[in-house]
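K.L.:
Whatever this is, show me its structure:
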Amino acid sequence: CLSLSRDEFHKNFGDLEELIRLTTIKRRIEAVPVIASSELAPYEITALAQLVEDYNFNKGSFVNIEGTAVRNQGIYFIEQGHVRILDDEGVITSLVDGEHFGGQIIKYKKKRRSSRTAEF
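P.N.:
Numbering: from 1, shown residues only. Next up is the predicted model:
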């Protein structure tokens with residue numbers, strides 16, 4: 001029989017829910033192609049995961065609008081709901097829980113104009 005006390009777990013790993021959340025974020029970050037090909041060390045992935053912030057968007061709200069300056073330049077990971085990616089001809093794709101958009105933005109040093117519209 002093996003055992004790990006609750007106190008030892010919390011002392012070494014902290015809150016279980018936060019540990020699960022951080023692990024989920026790390027896996028999502030590692031799935032972004034530009035990051036996956038970057039050969040970042042595990043501690044760097046952890047550091048990135050700790051920087052991720054929660055954002056909530058109402059249905060029908062736009063994150064970026066095609067042709068306008070990107071307001072919040074970054075990668076967005078969809079936790080709940082769906083996002084439609086549109087251009088001037090209509091819907092290009094729909095993304096759901098666990099998917100992301102904006103991964104290419106971290107490659108650019110200058111602010112960019114959006115080439116697509118992201119609608120929650």
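
K.L.:
in stretch 34-43, what counts as buried?
P.N.:
residue 35 (16 or more other CB atoms under 10 Å). For every residue, glycine as well, the C-beta is placed using N, CA and C.

K.L.:
Surely residue 13 touches residue 19?
P.N.:
Yes - under the criterion of CB atoms under 8 Å, residue 13 makes contact with residue 19 at 5.3 Å.

K.L.:
Give me the phi and psi for residue 97.
P.N.:
Per-residue torsions, residue 97: phi -40, psi 130 (degrees, to the nearest 10).

K.L.:
Give me the distance from the helix ranked longest in the chain to the chain's centre.
P.N.:
Using DSSP state H to define each element, the chain has its longest helix at helix 16-30. Taking the mean of its C-alpha atoms, helix 16-30 sits 11 Å from the chain's own mean (CA atoms, centre = their mean, to the nearest Å).

K.L.:
tell me which element residue 11 falls in.
P.N.:
helix 6-13 (DSSP states H and E).

K.L.:
Share the number of residues neighbouring residue 24, please.
P.N.:
14 (other CB atoms under 10 Å).

K.L.:
Next one: it from residue 120, what distance?
P.N.:
Using CB to CB, to the nearest Å, we find residue 24 at a distance of 20 Å from residue 120.

K.L.:
and residue 99, what is it in contact with?
P.N.:
77, 78, 83 (CB atoms under 8 Å, 6 or more residues apart in numbering).

K.L.:
Mind doing that once more with 7 Å?
P.N.:
Listed by CB atoms under 7 Å, 6 or more residues apart in numbering, the contact set of residue 99 reads residue 78.

K.L.:
Next, give phi and psi for it.
P.N.:
phi -90, psi 170.

K.L.:
What of residue 101?
P.N.:
The phi/psi pair for residue 101 (degrees, to the nearest 10) is phi -150, psi 160.

K.L.:
Local confidence estimate at it?
P.N.:
Here the pLDDT value assigned to residue 101 is 84.

K.L.:
Does it touch residue 74 like I think?
P.N.:
No - here residue 101 does not reach residue 74: they are 10.1 Å apart, not a contact under CB atoms under 7 Å.
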